[in-house]
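Asks: I'll drop the sequence and a predicted model, then ask my questions.
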Amino acid sequence: MSDNPFILEPYRSKDLFCDRENELAQLMGHLENGRNVTMISPRRLGKTGLIFRLFDEIKTTGAPYETVYADISDTLSLEDFIKVLSQAVATQLKSQSKILSFLKALKSIRPLLGVDPFSGMPQVSIAFATNEQQQRTLEDLLMFLENYPQQVVVAIDEFQQIREYEGLNMEAVLRKHIQHLHNVRFIYCGSKKHTMANMFTNAKSPFYESTVFLSLEKLSETVYADFIKHQFERRGKSIGDEHVRYILEWTRDYTYYTQKVCNRVFEISAKQVRMEDVYSSISFILDSEKERFLEIRRLITRSQWKMLKAIASEGTVSQITSSAFLTKYGIPSSSAALRNIKALMEKELVLAEPSGQNVTYSVYNVFLSRYLEQM
Ligand SMILES: Nc1ncnc2c1ncn2[C@@H]1O[C@H](COP(=O)(O)OP(=O)(O)O)[C@@H](O)[C@H]1O
Ligand SMILES: [Mg+2]
């Protein structure tokens, strides 16, 4: 394992994970008091990491829960969902006999258990089944968890994806089976705020008011700065406050981007980090991302690209249709601005965040934003 303390995967261990103690305590409290949780934040801020942090805490403190993590971002149907969830359960069960009893519990279908050649993880494949059989299988799966000797925490990541399933109201299906469970707690994670909020706060949605909310914000800048300095020091290196401040400012305290810059700075620096190390790490990263950015440019219209660039130049924009903004960047009309911002939000290239009465827009990907800014 690499000695670089700035991890680029969601979670490795507590000592390489910055803070989130408050959120962790909240999550524990919700579990202990039988509440299901909806956790929302923009992408790459740390939701998945926090889930694994929670599961690690459960394991190390011996809290009486079995944990299951299912990322459903690749799923497009109930069948996919069942596959991912049953694989997640099988992965967790570990012992052969437990897995066999689990497969036996899925009596409506004949699941086959194999091993993924790439990851070595259990892989469940299900033969073609009718919608009805699938629904019964989902029920069997959840009943297996309901009857499990320990309480089970199921985290479903990128939960908003179930709205993409065609031909069935997955929310209604899930809700029907989930609402009677006592032994299973759910944590629903998602990055599409609008969709997630609609699922849990719209009175017409099946999951209406069935959970409490945890909205994950950026890490506190001072806490993150201390963490970064401490990580360098633990490995016998030292980094000045001004360097750390520069990195956090440049990456906008946005976890994934901050980690990525720190990871590179750590790699190339000697015992004492110099400002040149920071600058050259940044230019190395932007350089290596450039192909991807050009690909994005090829995939959107010219005027969308122009709009993206305008937002990047401003950093954040709240008055997207003001004449000052339109004139400054040569955007022909407010309707063009609205049309473009809508398209860019749908493609997740622009992030809209409420601030007071307003909405502020920024380029979602901080590296792309910085790249556009300097073009
Ligand atoms: N508390 C943290 N401490 C250190 N790095 C973190 C922390 N939270 C997130 N990260 C970093 O940010 C990246 C994105 O986090 P992730 O949990 O995958 O975000 P999300 O699930 O919200 O998209 C991770 O790969 C990791 O490098
Ligand atoms: Mg995630």
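Replies: Looks like it came in fine. Numbers count the residues shown, from 1 in each chain. Ligands and ions are numbered 1, 2, ... in the order given.

Asks: Now do the contacts for residue 333.
Replies: Contacts for residue 333 (Cβ atoms under 8 Å, 6 or more residues apart in numbering) come out as residue 326. Heads up, the C-betas are built off the backbone N, CA and C, glycines and all.

Asks: Need phi/psi at it.
Replies: Recorded main-chain torsions at residue 333 are phi -160, psi 170, according to degrees, to the nearest 10.

Asks: So what's the residue count around residue 174?
Replies: 21 (other Cβ atoms under 10 Å).

Asks: was I right about it contacting residue 162?
Replies: Yes: under the criterion of Cβ atoms under 8 Å, residue 174 makes contact with residue 162 at 7.0 Å.

Asks: what is in contact with these two at once?
Replies: With Cβ under 8 Å, 6+ apart, residue 174 and residue 162 have no common neighbours.

Asks: My guess is residue 319 contacts residue 325. True?
Replies: Yes: in terms of Cβ under 8 Å, residue 319 counts as a neighbour of residue 325; the distance is 5.8 Å.

Asks: Which residue of the two possesses the greater neighbour count?
Replies: residue 325 (18 against 14).

Asks: ok now stretch 156-167, how far from the chain's centre?
Replies: With Cα atoms, centre = their mean, to the nearest Å as the basis, stretch 156-167 stands 14 Å off its chain's centre.

Asks: again, but for stretch 78-92
Replies: What separates the centre of stretch 78-92 from the centre of its chain is 19 Å, taken as Cα atoms, centre = their mean.

Asks: Repeat that for stretch 168-187.
Replies: The chain centroid and the centroid of stretch 168-187 are separated by 21 Å under Cα atoms, centre = their mean.

Asks: Quick one: neighbours of residue 191, just the number.
Replies: Residue neighbour count, defined by other Cβ under 10 Å, stands at 24 for residue 191.

Asks: Spit out the contact partners of it.
Replies: Taking Cβ under 8 Å, 6+ apart as the test, what residue 191 contacts is 40-43, 47, 158, 160.

Asks: Next: residue 260.
Replies: For residue 260, the contacting residues are 6, 8, 251, 285, 367, by Cβ under 8 Å, 6+ apart.

Asks: Now, of these, which are buried?
Replies: Neighbour-count burial (16 or more other Cβ atoms under 10 Å) is assigned, among the contacts of residue 260, to 6, 251, 285, 367.

Asks: Filter these down to just the ones in helices.
Replies: 285, 367 (DSSP state H).

Asks: so whatever residue of the chain ends up closest to ligand 2 is in which element?
Replies: In the chain, the residue that lies nearest ligand 2 is residue 48 (3.3 Å; Cβ to the ion). Element membership for residue 48 (DSSP states H and E) is helix 47-61.

Asks: so what does that helix touch, helix or strand wise?
Replies: Helices and strands in packing contact with helix 47-61 are listed as helix 21-32, strand 37-40, strand 65-71, strand 151-157, strand 184-190; criterion 3 or more Cβ pairs under 8 Å, 6 or more residues apart in numbering; DSSP states H and E.

Asks: Give the next helix or strand downstream of the third one.
Replies: Spelled out, that is strand 65-71. Trace forward from strand 65-71 with DSSP H and E and the next one is helix 78-93.

Asks: quick check: angle from the helix or strand hosting residue 139 to strand 65-71?
Replies: Using DSSP H and E, residue 139 falls within helix 131-146. Following axes from the mean of the first three to the mean of the last three Cα atoms, to 10 degrees, one obtains 150 degrees for the angle between helix 131-146 and strand 65-71.

Asks: And the chain, what are its domain boundaries?
Replies: 20-215, 219-299, 300-375 (automatic domain parsing).

Asks: These: lowest mean pLDDT?
Replies: Among those, domain 20-215 carries the lowest mean pLDDT, a mean of 91.

Asks: can you give me the helices in the stretch 151-300 of the chain?
Replies: Secondary structure of the stretch 151-300 of the chain (DSSP state H, counting those that start in this stretch): helices at 170-178, 193-201, 221-234, 241-250, 255-268, 275-299.

Asks: Using PDB, list the CA coordinates for the fifth one.
Replies: Meaning helix 255-268. What follows is helix 255-268, C-alpha atoms only, in PDB (Å, rounded to 0.1, in the frame of the first residue of the first chain):
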ATOM      1  CA  THR A 255     -12.600  17.400  -0.600                       C
ATOM      2  CA  TYR A 256     -11.900  15.400  -3.700                       C
ATOM      3  CA  TYR A 257      -9.900  18.200  -5.400                       C
ATOM      4  CA  THR A 258      -8.000  19.100  -2.200                       C
ATOM      5  CA  GLN A 259      -7.000  15.500  -1.700                       C
ATOM      6  CA  LYS A 260      -5.800  15.200  -5.300                       C
ATOM      7  CA  VAL A 261      -3.600  18.300  -5.100                       C
ATOM      8  CA  CYS A 262      -2.200  17.300  -1.700                       C
ATOM      9  CA  ASN A 263      -1.600  13.800  -3.000                       C
ATOM     10  CA  ARG A 264       0.600  15.200  -5.800                       C
ATOM     11  CA  VAL A 265       2.300  17.800  -3.600                       C
ATOM     12  CA  PHE A 266       3.200  15.100  -1.100                       C
ATOM     13  CA  GLU A 267       4.600  12.900  -3.900                       C
ATOM     14  CA  ILE A 268       6.900  15.500  -5.500                       C
END
